[in-house]
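1. generate coordinates for the sequence data below:
(2 chains)
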2 protein chains.
Amino acid sequence: MKIGIMGYGNLGKGVELAVKAAPDMELAAVFTRRDPSSLKLQTPNVPVAASAEAEQWKDKIDVLIICGGSATDLPVQTPRYAEMFHVIDSFDTHARIPEHFANVDAAAKKGGKVAVISCGWDPGMFSLARTYANAILPDGHDYTFWGKGISQGHSDAIRRVPGVKDAKQYTIPVESALKAVRNGENPELTTRQKHTRECFVVLEEGADAAAVEKQIKEMPNYFSDYDTTVHFISEEELKRDHSAMPHGGFVIRSGKTGADKEHTHIIEYSLKLDSNPEFTTSVLTACARAAYRLASEGQTGCKTMLDIPPAYLSEKTGEELRAHLL
Amino acid sequence: MKIGIMGYGNLGKGVELAVKAAPDMELAAVFTRRDPSSLKLQTPNVPVAASAEAEQWKDKIDVLIICGGSATDLPVQTPRYAEMFHVIDSFDTHARIPEHFANVDAAAKKGGKVAVISCGWDPGMFSLARTYANAILPDGHDYTFWGKGISQGHSDAIRRVPGVKDAKQYTIPVESALKAVRNGENPELTTRQKHTRECFVVLEEGADAAAVEKQIKEMPNYFSDYDTTVHFISEEELKRDHSAMPHGGFVIRSGKTGADKEHTHIIEYSLKLDSNPEFTTSVLTACARAAYRLASEGQTGCKTMLDIPPAYLSEKTGEELRAHLL
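-> Just a heads-up that it's a prediction; the model follows:
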């Protein structure tokens, strides 16, 4: 199947690698809002086109993987391109998913296309873990922990503090909370009890470290509800030690069964990722395969990973899956 | 939806509890090969019928959950009843799944019914974990560890040793192997390096403990490839300390991405179950809901959990799932 990539940042580059690793896929084109001639792809002989010209590729691309941001790009791009192509996105603003779903569904149905939104790991693989675990153990408690990993949003928030030149922020799950959940204790956990935040900050010359630290730690929504540690380091140290994009997390459901609810079961799904964008795009690419299959059955409209038979994500046949992975 | 249970052992009793906990299900009948009047159900006012009479219930039951054993019961029962009802089973002889699938598929298509085979946790939830992880990270290694938990097959094997009155066997994953896998070391593990076996044995009066221990430890297939520990205990101790049916395990995939495969990702799915049969039947019951929905779409034939959209297992609507679990 022929894949198109819309947007060539961290996600776009990750999709390119994942498509290269998939024997049943071919990268047909990359679209960008920048000057197409400025892009240097990792794959030889793949055309780069202006995003405004995407419509001309309607018959040359099966699935378009949209690699924009959830805040402003995807709410516009996904409905727009869902009329022209089967599309995949990683829309991750949880509270706005129902609205995004409705917009994309209308567009995809109008174009007779399949769209799969909110692919990735949360939403995505973590949503699957929560849905399966809730269906199996209806009487129970859900816990989601994130980290250890870099939060882009929190790093950006620190960078907006006056006196800060650059920064990276790690979200870290609290080990004792994880342990209590795994023991089936069903703890009621406050925000502070679930995660800590660790910040590595490069100051502007002459900035007041104590004032910067205070402003970070007291920042509402981002840091004030957490135990936060701030480390001041040099620009070289930040580059050397904190340039990677690791992330991960844990979805745990603790549930009960039995005539007197005497049996506890713990279901845990966890990810430990060296590269958040490369893992996310590996999921997006598997979803592109599923979208193509759903479309070939005549389906149209918006889906999420919760609507997709797991086998559709795999390049293996049903026979192979039953013989080797079931 | 109206559920029937075929067979009233540990699994049948577990299904009964899971159906009771499901607001959208009703237990319509329990079928047994024993004298129906000898069965005492936990649910009031549910009829018990002879399994030979099941056909008379064709119009009164939507989904029949077949709670027999994989060795001799299910290969006969599932194809037979798949002509009359939508059916669910927990067929777990991995090597014979393709053959069982073909038989059940033919029968279900003949009857215009949906059958879902090999539901439970392995095969079942562990198969899902393997399939998703392989689809996302095609370049990687799979590891499945079982335990700590009671293996029925190994306990039975010990009971067949002359001089043994009763026994329970625990399968235990080797902690250092788990750790190496989680570290992304991709170790090549022998059978002995993955699991140990711990046996609790009650001797017949006058039996030779040393001879029994030797015979257990040297038993081919079951024990000779493992580090095995044998404890001799009294009948009272076995009853008091080893009557529960805990189990669980770990599915881990370690995979690589990146232009130079420089990024390692670890996906882990684990279960810690107080009651193996009650968890298994919670999965079977969720699959019954999915079978009913697939059938209401006009589908027929044999499926596995790999073919079922996750949302179909849940009693929640698509809207609820997108708003709360995605």
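
2. show the subsequent helix or strand relative to the longest helix seen in chain A.
-> Identified as the longest helix of chain A according to DSSP state H is helix A:276-296. Beyond helix A:276-296 on the C-terminal side, the first helix or strand identified by DSSP states H and E is strand A:301-303.

3. excluding chain neighbours, what is closest to A:His247?
-> A:Gly149 (2.9 Å; C-beta to C-beta, 6 or more residues apart in numbering or on different chains). For the C-beta atoms, the positions are set from N, CA and C on the backbone; glycine is no exception.

4. ok, the one you found - contacts?
-> Applying C-beta atoms under 8 Å, 6 or more residues apart in numbering or on different chains to A:Gly149 gives the contacts A:Tyr170, A:Thr171, A:Met245, A:Pro246, A:His247, A:Gly248, A:Gly249, A:Leu273, A:Asn276.

5. one more time with 6 Å
-> A:Pro246, A:His247, A:Gly248 (C-beta atoms under 6 Å, 6 or more residues apart in numbering or on different chains).

6. and for A:Lys148?
-> A:Tyr170, A:Ile172.

7. list phi and psi for the residue most central in space within chain A.
-> The centroid of chain A falls nearest to A:Gly120 when counting by C-alpha atoms, centre = their mean (3.9 Å). Main-chain torsions, A:Gly120, degrees, to the nearest 10: phi 140, psi -140.

8. likewise A:Glu204?
-> phi -70, psi 150.

9. what do you get for A:Glu188?
-> Per degrees, to the nearest 10, the backbone of A:Glu188 is at phi -90, psi 110.

10. what do you get for A:Thr43?
-> Backbone dihedrals for A:Thr43, given as degrees, to the nearest 10, come out at phi -100, psi 130.

11. repeat for the one 3 residues further on
-> Summarising the backbone geometry of A:Val46 under the convention degrees, to the nearest 10, its torsions are phi -110, psi 130.

12. which ones are touching the residue nearest to it when sequence neighbours are not counted?
-> Leaving out its chain neighbours, the residue that sits closest to A:Val46 by C-beta to C-beta, 6+ apart is A:Leu27, at 5.1 Å. A:Leu27 sits next to A:Ile3, A:Val19, A:Thr43, A:Val46 when contact means C-beta under 6 Å, 6+ apart.

13. can we see that at 10 Å?
-> A:2-5, A:15-16, A:18-20, A:41-43, A:45-47, A:61, A:65 (C-beta atoms under 10 Å, 6 or more residues apart in numbering or on different chains).

14. narrow those residues to those in strands?
-> A:Lys2, A:Ile3, A:Gly4, A:Ile5, A:Ile65 (DSSP state E).

15. just the terminal-to-terminal distance for stretch A:254-261.
-> Counting by C-alpha to C-alpha, to the nearest Å, you get 12 Å between the two ends of stretch A:254-261.

16. buried ones in it?
-> For stretch A:254-261, burial by neighbour count (16 or more other C-beta atoms under 10 Å in any protein chain shown) applies to A:Ser254, A:Gly255, A:Lys256, A:Thr257.

17. again with stretch A:34-54
-> By 16+ other C-beta under 10 Å, the buried positions in stretch A:34-54 come out as A:Pro36, A:Leu41, A:Val46, A:Val48, A:Ala49, A:Ser51, A:Ala54.

18. let's have those in CSV, adding pLDDT and distance to B:Tyr312.
-> Below are the buried residues of stretch A:34-54 laid out as CSV (pLDDT from 0 to 100; distance: C-beta to C-beta, whole Å):
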residue, pLDDT, distance to B:Tyr312
A:Pro36, 97, 43
A:Leu41, 97, 40
A:Val46, 97, 38
A:Val48, 98, 41
A:Ala49, 98, 39
A:Ser51, 97, 37
A:Ala54, 97, 34
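
19. can you list those in TSV and add distance to B:Gly298?
-> Output for these, formatted as TSV (distance: C-beta to C-beta, whole Å):
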residue	distance to B:Gly298
A:Pro36	47
A:Leu41	45
A:Val46	42
A:Val48	45
A:Ala49	42
A:Ser51	41
A:Ala54	36
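
20. which one of those residues sits closest to chain B?
-> Among the buried residues of stretch A:34-54, A:Leu41 lies closest to chain B (C-beta to the nearest C-beta), at 11.6 Å.

21. wait, that closest one touches A:Val48, no?
-> Yes: if you go by C-beta atoms under 10 Å, A:Leu41 and A:Val48 touch, sitting 6.6 Å apart.

22. what touches both of the two?
-> A:Ile5, A:Tyr8, A:Val30.

23. sorry, back to before: any idea whether the residue nearest to A:Val46 is helix, strand or coil?
-> strand (DSSP: H, G, I helix; E, B strand; the rest coil).

24. beta partners of it?
-> A:Ile3 (DSSP bridges).

25. list the buried ones in the helix or strand bottoming out on mean pLDDT in chain A?
-> Least confident helix or strand of chain A, by mean pLDDT, DSSP states H and E, is helix A:152-159 with a mean of 95. By neighbour count on 16+ other C-beta under 10 Å, the buried set for helix A:152-159 is A:Gln152, A:His154, A:Ser155, A:Ala157, A:Ile158.

26. that older thread, out of the buried residues of stretch A:254-261, list just those in helices.
-> Residues of those located in helices (DSSP H): none.

27. near chain B, list only the ones from the residues you listed.
-> Among the buried residues of stretch A:254-261, the ones lying near chain B by C-beta under 10 Å from any C-beta of the partner chain are A:Ser254, A:Gly255, A:Lys256, A:Thr257.

28. nearest to chain B among the residues you listed?
-> Nearest to chain B among those is A:Thr257, at 4.2 Å by C-beta to the nearest C-beta.

29. shouldn't that closest one be in contact with B:Leu273?
-> Yes: using C-beta under 10 Å, A:Thr257 is in contact with B:Leu273, at 9.3 Å.

30. do a quick rundown of the strands in the stretch 151-300 of chain A.
-> Listed in chain order, the strands of the stretch 151-300 of chain A (DSSP state E, counting those that start in this stretch) span A:164-173, A:195-203, A:227-232, A:247-257, A:263-273.

31. and the angle from the fourth one to strand A:195-203?
-> Read it as strand A:247-257. If you take axes from the mean of the first three to the mean of the last three C-alpha atoms, to 10 degrees, strand A:247-257 sits at 170 degrees to strand A:195-203.
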